[in-house]
Each structure stands twice: as structure tokens, then as C-alpha cells.
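Visitor: Below is the structure, and that's it, no one-letter string:
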């Protein structure tokens with residue numbers, strides 16, 4: 001079968017479209033013919049080099065496709081079913097997994113990081129990671145759901161516990177996780193302020209339901225936030241990191257919450273501890289989520305209340321072009337590879 005793998009770290013040129021053996025199927029696994037695999041910024045970071053990565057590696061966390069074969073133990077599935085895959089893997093039997101806290105598992109990993117991902121024609125995965133999808137979702141749409149809606153749901157609902165009537169600042173509306181967060185907040189009755197770097201992206205954010213938009217290249221985020229809501233927002237949805245961190249802090253109201261899952265612009269975030277305790281702020285880290293989070297988010301996706309946003313598709317053989325496109329930051333929503 002064909003796959004896109006990296007044998008060394010570096011720029012898009014290290015992505016190799018090549019022949020690899022088709023995966024062997026265990027009795028507890030399902031073989032899925034990949035129809036679509038969406039990119040994430042994680043793919044870019046892994047390609048550039050993350051400690052602990054074993055090479056060669058097939059990238060790709062977000063997979064949709066059709067079941068090609070089922071293992072002996074996967075008795076509830078059948079060949080030809082349309083499915084998506086959970087974007088993560090765990091041991092499923094440790095104390096954390098048994099409590100449903102999969103992201104605390106010592107063997108927890110994102111697909112395409114420490115295990116091979118979906119930038120290929122076929123992938124074999126445990127039955128527990130296979131989720132049937134309705135005919136109303138295209139394969140491109142289905143591949144655009146798992147990681148970003150799981151991450152946003154875990155951040156906003158499980159971690160921050162957003163409530164009807166709160167005001168949420170969502171950084172980076174054009175990202176997959178940002179576009180998911182806007183929709184989740186609106187579904188739960190929140191007022192959404194979001195940021196983007198072009199009028200096109202701001203228009204698209206408003207189409208998703210954002211109440212207020214800020215051009216983070218032309219305007220100072222915290223000043224604009226304070227014009228909209230006196231005192232600041234209840235919750236800041238952070239995932240960009242160093243470039244926006246100071247403005248995120250200034251945008252929080254007294255007693256406000258900041259939840260973060262990433263640092264695409266850098267890992268340094270300064271914090272005056274006097275501000276932390278005198279303003280009684282809450283800071284939360286969030287990493288992916290649980291199978292329960294994913295299934296809760298998918299209920300709303302399958303019902304059509306939450307909608308995946310597909311920006312552009314590329315053939316699998318043009319994975320390097322897709323990486324370049326994502327790195328340029330012009331997309332609004334997900335970039336998808338089609339084998």
C-alpha cells in the first residue's frame with residue numbers, strides 16, 4: 001500500500017510517498033481503508049522533531065474510511081461500514097482508563113505520534129477506537145471532526161465547565177480547534193468573542209456564530225474585549241501560546257478561567273503571581289480528552305448541531321504541499337488528505 005512517512009526530521013521535503021507493507025490484522029482489530037485524513041499542527045511539530053519519536057513514522061491523527069476487514073473478536077462491525085477513528089490510543093485497562101480518564105494513561109498517545117497514523121491507504125486499529133458514522137457526513141467532514149472537537153469539548157465542557165450566559169474569548173477562529181470551540185460555546189448558550197488575522201476569516205467566524213470578532217493583527221485583543229464586556233471575559237480558550245498569552249491574561253475578568261491546550265507560537269508564558277491570587281484567576285491545562293468526551297461531541301456532530309469545517313483537500317501524494325499550506329496559516333478549518 002501507499003503511505004506518507006518521515007525517515008528524518010525537517011521541512012515538508014522529508015515527507016516521503018512510498019510503498020509500505022499492508023498492516024497485519026489482529027483478532028481484536030479492524031482494518032480500515034482510509035478515505036480521508038485531516039492534518040493538525042501536531043503533524044508539523046512531529047515532522048520538525050519531537051523527543052521520543054521513533055522513525056520511520058506515518059503521520060496523521062484524524063482518520064475516516066470504510067471497514068475492509070474485521071478481526072475475529074470485532075463481532076459487532078461488518079465490512080463496508082463507514083467509520084471514523086478516535087484520534088488517540090491508550091491501554092484501556094489501567095486504573096485511569098478504567099475510570100474513563102484515558103488521557104492520564106501512561107500509554108496514551110495521539111495517533112501518528114508514537115504509533116503510526118492515517119496518512120496511508122489502510123490502518124489496523126483496536127475495535128474500541130472505531131466509531132460508525134452516518135451517511136450525512138462525507139469522509140472529508142468525518143476526518144475533520146475527531147481531534148479538534150474532542151479537544152475543544154474537553155477544554156470547554158469537561159475542564160472549564162462553561163455555563164449558559166458566560167462570555168468566552170476564543171483565540172484563533174481559523175484553526176480547526178477554534179472553529180469547533182465557537183460552535184460548542186454557541187450551542188451551550190455563551191457569548192463568543194473570537195480573533196483572526198484577516199477579514200475573510202472574521203466573516204467566516206461570524207458565519208459560525210461568533211458574536212464579536214477581533215483582528216489580532218490590527219487591534220489589541222484585551223482593549224477590544226474590554227470595550228465589548230466590562231471587566232473581561234469569563235473564560236479564555238487558549239491554544240496559540242506565547243504570542244497571545246499577555247493579551248489573554250489581560251482579557252480575563254476577576255475570578256475568570258483560562259484553559260489552554262497548545263502553544264503554536266511559542267512555549268513561554270509569563271505570569272505575575274500577585275495577579276493570579278489577587279484576581280483569583282483559574283488556569284487549566286487540557287490535553288486531548290477521553291472517549292466519553294469524544295462520544296458526547298459526536299452526538300451533536302451526528303445530529304448536525306455541530307458542523308466540521310473543511311477548508312481544502314489534497315491528494316495523499318501531495319502531503320508536502322498540504323503541510324506548506326497549513327504552515328502558511330491561510331486556512332479556515334481543516335486541511336484534509338485523500339489517499
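Guide: Everything's here; your move. Just so you know, these numbers come straight off a predicted model, no measurement behind them.

Visitor: Please enumerate the strands of the stretch 201-339 of the chain.
Guide: For the stretch 201-339 of the chain, the strands defined by DSSP state E, counting those that start in this stretch occupy 212-215, 233-238, 252-260, 282-285, 310-315, 334-338.

Visitor: Which of these sits closest to residue 58?
Guide: Closest to residue 58 of these is strand 334-338 (Cβ to Cβ; 11.5 Å). Placement of C-beta: from N, CA and C, glycine included.

Visitor: which strands and helices sit next to the closest one?
Guide: Helices and strands touching strand 334-338, as assessed by 3 or more Cβ pairs under 8 Å, 6 or more residues apart in numbering; DSSP states H and E, comprise strand 29-38, helix 139-143, strand 310-315, helix 319-328.

Visitor: tell me the angle that strand makes with strand 29-38.
Guide: Relative orientation of strand 334-338 versus strand 29-38 (axes from the mean of the first three to the mean of the last three Cα atoms, to 10 degrees): 120 degrees.

Visitor: Now name the helix or strand holding the nearest residue in space to residue 180 that is not next to it in sequence.
Guide: Nearest non-adjacent residue to residue 180, counting by Cβ to Cβ, 6 or more residues apart in numbering: residue 152, 4.1 Å away. Assigned by DSSP states H and E, residue 152 falls within helix 146-153.

Visitor: what packs against that helix?
Guide: strand 62-70, helix 176-187, helix 291-302.

Visitor: Please spell out the segments of the protein that come in under the pLDDT threshold.
Guide: Along the chain, the model assigns pLDDT under 70 to no residue.

Visitor: Quick check: nearest residue in space to the residue positioned nearest the centre of it, chain neighbours excluded?
Guide: Nearest residue to the geometric centre of the chain (Cα atoms, centre = their mean): residue 148, 2.5 Å. Spatial nearest neighbour of residue 148, chain neighbours left out: residue 176 (3.8 Å); criterion: Cβ to Cβ, 6+ apart.

Visitor: Same check on residue 315?
Guide: Nearest residue to residue 315, sequence neighbours excluded (Cβ to Cβ, 6+ apart): residue 338, at 5.8 Å.

Visitor: That neighbour and residue 314 touch, don't they?
Guide: Yes. Under the criterion of Cβ atoms under 8 Å, residue 338 makes contact with residue 314 at 7.2 Å.

Visitor: if we can go back for a sec, rebuild the helices and strands packed on helix 146-153 as TSV, extending it with distance to residue 112 and mean neighbour count.
Guide: Below are the helices and strands packed on helix 146-153 laid out as TSV (distance: least, Cβ to Cβ, whole Å; neighbours: other Cβ atoms under 10 Å):
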stretch	distance to residue 112	mean neighbour count
strand 62-70	9	23
helix 176-187	15	26
helix 291-302	16	19
